[in-house]
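S.K.: Structure of the sequence below:
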Amino acid sequence: MTKKIIKTTAAPAPIGPYNQAILVDQTLYISGQICIDPSSGNLKNDNIEEETKQVMQNLKAILQEAEMDFSHVIKSSIFISDMHQFSVINEIYGSYFSSDFPVRETVQVAALPKFVNVEISMIAMK
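M.R.: Residues are numbered from 1 along each chain as shown. I've put the predicted structure just below:
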């Protein structure tokens, strides 16, 4: 088994004792991403559209660092603070995939880090 830490300045640095992602053999495990703008360190959460797009951009940057893209994603986990925002999040999330969507669960939670509205983690394979 080979294990490689994946990190990029194009996505926000971890806010705790974890890595952005770890590549184990051909499988990439990406930590949950929130709407932190990596260039400023500030939250981009004026509205749920902006917030979800920033989350997806952070995930995209990590995938690219591992020489992958959204077509490699096999599983996503979406955590949201308000299920009433699901349709907007789902539409933006879906726009990053062209076909062969990954498996997924979406769960409403009481709170997320920094009290954001959405967090997404992914597993991808080369």
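S.K.: Looking at the longest helix along the chain now, give me its mean pLDDT.
M.R.: Using DSSP state H to assign secondary structure, the helix with the most residues in the chain is helix 48-65. Averaging the model's pLDDT scores along helix 48-65 yields 98.
S.K.: could we number from 124 for the rest of this?
M.R.: Yep, numbering from 124; the last one is helix 171-188 now.
S.K.: Which helix or strand lies directly C-terminal to that helix?
M.R.: strand 196-203 (DSSP states H and E).
S.K.: so what does that following strand touch, helix or strand wise?
M.R.: For strand 196-203, the contact count by 3 or more Cβ pairs under 8 Å, 6 or more residues apart in numbering; DSSP states H and E identifies helix 209-217, strand 226-231, strand 241-248 as packing neighbours. C-beta: built from backbone N, CA, C; applies to glycine.
S.K.: again, 10 Å this time
M.R.: Where contact means 3 or more Cβ pairs under 10 Å, 6 or more residues apart in numbering; DSSP states H and E, strand 196-203 is packed against strand 150-156, helix 171-188, helix 209-217, strand 226-231, strand 241-248.
S.K.: nearest to I201, of those?
M.R.: strand 226-231 (4.3 Å; Cβ to Cβ).
S.K.: circling back to that earlier point, quick one: the longest helix of the chain to strand 196-203, angle?
M.R.: Taking axes from the mean of the first three to the mean of the last three Cα atoms, to 10 degrees, one finds helix 171-188 and strand 196-203 inclined to each other by 150 degrees.
S.K.: buried stuff in helix 171-188?
M.R.: Neighbour counts over helix 171-188 (16 or more other Cβ atoms under 10 Å) mark 171, 174-186, 188 as buried.
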